[in-house]
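1. coordinates only, sequence not included:
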């Protein structure tokens, strides 16, 4: 086994002499691959739609932020119902 | 766009503009380079055309990434992509095909006998059978080892080129080649112990 490496190299030298197999692309292969690649890529209309969607999303977020900014000064953490209304509701429920 | 007139930059520009004809020409141009890599690193149960197609799909999907890495020749970038895809396919192969004496055609068995014996002269068997046997022996090794020995011994690529192709350092390529050869010797030893003939 000590000569294995040398014999491997001899065998490799012979192997390199083996005739190369055909390296031409099979008929229709290039057209098929090119078409699939084109289909996989987003079309210009898809890109435009995606860009428009982003613009709309940005606009909606801006409106939301504006509303929040306008509402914030009036927010004091008040209870949902005034005391008087709360009592009236409680009396109504009690009488029922 | 044939022969020396082929302008890679112009072709790539047209492909990016979704020119179908340019994409077709690019595939035809790169096919020999890619199919050589695929045949060298083909998993046992994969069809070479399917793997080549997968490589081309990745190539077109990542074409914009190539532009960012200036200074790297396009063919090197393609080779690297192909090698990585093949390695992934080989790693996905759960079980490597087992090599048995009984399954070897006579000519391949003669070459194996020559490699395992100490004083046998090289057989008269054809170079094709030698190549097929080496491919089968290499298929027994882990993907990275197979890649290294195939590139160094069967394709006679310089270490530097293999390093560029794989993205590994020159030292790592040498270390991996050394370890791969050691694994191959062990494999050969197992074969020798299980050899059916008494002539060895």
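-> Now that the structure is in, tell me what you want to look at. As the structure is a prediction and not an experimental result, all values here were calculated from the model.

2. Please look at residue B:16 and residue B:63 and confirm they touch.
-> Yes. Using C-beta atoms under 8 Å as the test, residue B:16 is close enough to residue B:63 to be in contact (6.5 Å). The C-beta positions use only the backbone N, C-alpha and C, and glycine is treated the same way.

3. Give me the more crowded residue out of the two.
-> For residue B:16 versus residue B:63, neighbours defined as other C-beta atoms under 10 Å in any protein chain shown are more numerous around residue B:63 (18 against 15).

4. Tell me which residues touch the more buried one, please.
-> B:12, B:15, B:16 (C-beta atoms under 8 Å, 6 or more residues apart in numbering or on different chains).

5. Check the contact between the second one and residue B:22; I expect there is one.
-> Yes. The pair residue B:15 / residue B:22 is scored as a contact, 4.9 Å apart, by C-beta under 8 Å.

6. how does chain B divide up, domain by domain?
-> Chain B breaks down by automatic domain parsing into domains covering B:3-92, B:101-199.

7. Now these in CSV, please, with extra columns for distance to residue A:46 and mean pLDDT.
-> Output for those, formatted as CSV (distance: least, C-beta to C-beta, whole Å; pLDDT from 0 to 100):
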stretch, distance to residue A:46, mean pLDDT
domain B:3-92, 12, 85
domain B:101-199, 34, 85
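
8. Skipping its backbone neighbours, what lies nearest the residue nearest to the spatial centre of chain B in space?
-> Nearest to the mean C-alpha position of chain B, by C-alpha atoms, centre = their mean, lies residue B:40 at 2.7 Å. Spatial nearest neighbour of residue B:40, excluding adjacent residues (C-beta to C-beta, 6 or more residues apart in numbering or on different chains): residue B:150 at 4.9 Å.

9. What about that neighbour, how many residues nearby?
-> There are 23 residues near residue B:150, going by other C-beta under 10 Å.

10. so does the helix ranked longest in chain B get close to chain A?
-> Criterion DSSP state H: the longest helix present in chain B is helix B:170-193. Yes. Helix B:170-193 reaches chain A (C-beta under 8 Å from any C-beta of the partner chain) through B:181, B:184, B:185, B:188, B:189, B:192.

11. What is the neighbour count of the second one?
-> The tally of other residues near residue B:184 (other C-beta under 10 Å) stands at 23.

12. Correct me if wrong: it contacts residue B:149.
-> Yes. Between residue B:184 and residue B:149 a contact is recorded at 7.1 Å, counting by C-beta under 8 Å.
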